[in-house]
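**Q** After the sequence you'll find the predicted model.
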Amino acid sequence: MRILIIGYEGRLGKTLMQIFPGSAGVDRDNMDNLEQELGRAQVAFLAVPLKATLDIINMYPDYGGFVDLTSVKSPLKAFSKKITSMHPMFGPSSYMTNRDIIFINDISPAGSLEAMCDLFTGYNMISVTADEHDKLMAELLVKPYILSYIADSQEMKMETSSHKKLLELSGIKYAENQDIMLDTIKFNKNTQSIIEEVEEKLRNIKKLIGNGR
């Protein structure tokens, strides 16, 4: 089987190239030969941000081998049963130990779960709906991203364990692909409820400060 990785130079793309050595790759910034490569490939992993994923699928609506890897699934419902949709839960430093892959069963066509299990031998496929996925990612990704986005800090001459944890939280935003991180925040329909939760806790702290004066 010929595998194509679109966005092969990104963090996830490089990881897939490690998992599937010998795969063909297309750079997201230079896709002049994409149509030619799609003509040869049975499977094309879309290791690119959400907008690029949507643009490519719309550009080649008759190609049946796209595998969407985005971290937000609701926008992909428009292509239900026309593409395979998954979300690998590993990255460049963890793909050897973290074997979880979320499979989106209400977007992906019949038989695609078995096909992905055959490709990702030894990986743990977790089958959920698009809405279930996005709700889960709200806690696992959106909330940490938002807290990291607002948790700016700097190293100090003195240190505490709490401050070390704050630095780790602040550092999340620098370790992630910025386009993908912002897409995950912007397009997850559960983001607003997380923001409201944070705002409510900040209001409670303001009340606490006010009551202490």
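**A** All right, it came through fine. Computed from a predicted structure; not experimentally measured.
**Q** shaky segments in the chain?
**A** 211-213 (pLDDT under 70).
**Q** Can you tell me which residue is spatially central in it?
**A** Ser71 (3.0 Å; Cα atoms, centre = their mean).
**Q** Convert stretch 203-213 to PDB, retaining C-alpha atoms only.
**A** Written as PDB, here are the backbone C-alpha positions of stretch 203-213 (Å, rounded to 0.1, in the frame of the first residue of the first chain):
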ATOM      1  CA  ARG A 203     -14.800  36.300  40.100                       C
ATOM      2  CA  ASN A 204     -14.800  34.200  43.200                       C
ATOM      3  CA  ILE A 205     -11.100  35.200  43.900                       C
ATOM      4  CA  LYS A 206     -12.100  38.900  43.400                       C
ATOM      5  CA  LYS A 207     -14.900  38.400  45.900                       C
ATOM      6  CA  LEU A 208     -12.400  36.700  48.300                       C
ATOM      7  CA  ILE A 209     -10.000  39.600  48.000                       C
ATOM      8  CA  GLY A 210     -12.800  42.100  48.500                       C
ATOM      9  CA  ASN A 211     -14.100  40.400  51.600                       C
ATOM     10  CA  GLY A 212     -10.700  40.400  53.200                       C
ATOM     11  CA  ARG A 213     -10.400  44.200  53.100                       C
END
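**Q** For that stretch, buried residues please.
**A** Within stretch 203-213, no residue qualifies as buried by neighbour count (16 or more other Cβ atoms under 10 Å). Placement of C-beta: from N, CA and C, glycine included.
**Q** And stretch 62-73, by the same measure?
**A** Using 16+ other Cβ under 10 Å as the test for burial, stretch 62-73 gives Tyr63, Gly65, Phe66, Val67, Asp68, Leu69, Thr70, Ser71, Val72, Lys73.
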